[in-house]
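Participant: sequence-free structure coming up:
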Ligand SMILES: [Zn+2]
C-alpha cells in the first residue's frame, strides 16, 4: 500500500450525491486533517432520488448538488465537481472515461477512491448499476486512459492536460474488502455529512443508529477493539 506520507491528493469519484458520505467520508475527514487535498467528482446529480412519491423531480438536481456541497464541507472538502449525467442511466462509455480521465489529469491525485465495479452478492445495496458503471469507468480512466498520452489525445492537444499515473485505487462496496480505516474519531463528522442529504435521509427513522451499526460491523470484521467504527475498502495498486 501507498505510505500515508505519499498521499497528498485524493480524488473521490462516485455516481450519486451521498455515495461518498456512505463509503468514505470518515477516511476523507482523516485525510483532510492531515492536509491532504481532496476533490469529489460526481457523475450524476441524483435527480432520480428522493422520497416524494411524485414523478415531478423538478429542482431535485439543484437540491442534491447543494446537499452534496454541504456534506463535503462537513468533512472539509470544498472542491466538488459534477458531470451531470442522468441518474439511473450511467454506462461505462468512452465519453465517461474521457470525462473522468480529464479530471484525473487536472487534479493529479495519488489515490482515487471509487465504487467497486463488481456486484456484491452478499449485500446488494452498494451494487447499483450506476455504481458499477462509475467504478468500471474510473478504473479504466486510471488505467490506461489518464496515464497514456495517446488515449484521448485531445485532452493534451486541446486542453494541455499531461498524462498522469494514479498510484493506488480504493474500492468501496465490494465483496472482499482488505483495508479498514478506523473512523471512530471522526464519526460525528461522517454522520453530519450523511445527514446533510436531507432529501434522502431525514424521513428515515433511526438513520444514524442504522448506519452506525454498519460501520461498527466493519470494525468488528477488521478485528478492531470494542466500540470502534470503520470504513472498508479493497485496495488496488495501480502504479
Ligand atoms: Zn449511489
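Facilitator: Structure's in. What do you need? Note that the structure is predicted; figures quoted are calculated from it, not measured.
Participant: where in this structure is pLDDT low?
Facilitator: Along the chain, the parts satisfying pLDDT under 70 run over 50-56.
Participant: thought residue 38 was touching residue 27?
Facilitator: No: look at residue 38 against residue 27 with C-beta atoms under 8 Å: they stay out of range, at 9.6 Å. (C-beta placed from N, C-alpha, C; glycine too.)
Participant: ranges for the helices of the protein?
Facilitator: 19-23, 25-33, 60-74, 94-107, 129-142, 153-157, 187-195, 198-201, 207-222 (DSSP state H).
Participant: Check which helices and strands the shortest one is in contact with.
Facilitator: Packing contacts for helix 198-201, counted by 3 or more C-beta pairs under 8 Å, 6 or more residues apart in numbering; DSSP states H and E, involve helix 60-74.
Participant: Over to the fourth one?
Facilitator: Packing partners of helix 94-107 (3+ C-beta pairs under 8 Å, 6+ apart): strand 9-14, strand 37-44, strand 79-85, helix 129-142, helix 153-157.
Participant: Please apply the same query to the fifth one.
Facilitator: Packing contacts for helix 129-142, counted by 3+ C-beta pairs under 8 Å, 6+ apart, involve strand 9-14, strand 37-44, helix 94-107, strand 111-115, strand 168-172.
Participant: highest average neighbour count across the ones you listed?
Facilitator: strand 111-115 (a mean of 28; mean count of other C-beta atoms under 10 Å).
Participant: which ones are touching residue 126?
Facilitator: 23, 115-116, 120, 172-174 (C-beta atoms under 8 Å, 6 or more residues apart in numbering).
Participant: now the residues you listed as JSON lines including distance to residue 130?
Facilitator: Converted to JSON lines, those look like this (distance: C-beta to C-beta, whole Å):
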{"residue": "23", "distance to residue 130": "13"}
{"residue": "115", "distance to residue 130": "8"}
{"residue": "116", "distance to residue 130": "13"}
{"residue": "120", "distance to residue 130": "14"}
{"residue": "172", "distance to residue 130": "13"}
{"residue": "173", "distance to residue 130": "12"}
{"residue": "174", "distance to residue 130": "16"}
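Participant: Which pair of those residues spans the longest distance?
Facilitator: 23 and 120 (12.4 Å; C-beta to C-beta).
Participant: And for the residue of the chain found nearest the ion, nearest residue in space, chain neighbours not counted?
Facilitator: Per C-beta to the ion, residue 16 is where the chain lies closest to the ion, at 3.5 Å. Distances taken as C-beta to C-beta, 6 or more residues apart in numbering place residue 46 nearest to residue 16, at 4.2 Å, with adjacent residues excluded.
Participant: was I right about the one you found contacting residue 87?
Facilitator: Yes: shown here, residue 46 and residue 87 form a contact pair, counting by C-beta under 8 Å, at 5.4 Å.
Participant: Tell me the residues of the protein that contact the ion?
Facilitator: Residues of the chain lying near the ion by C-beta under 5 Å from the ion: 15-16, 19.
Participant: which residues pair with residue 235 across the strands?
Facilitator: residue 170 (DSSP bridges).
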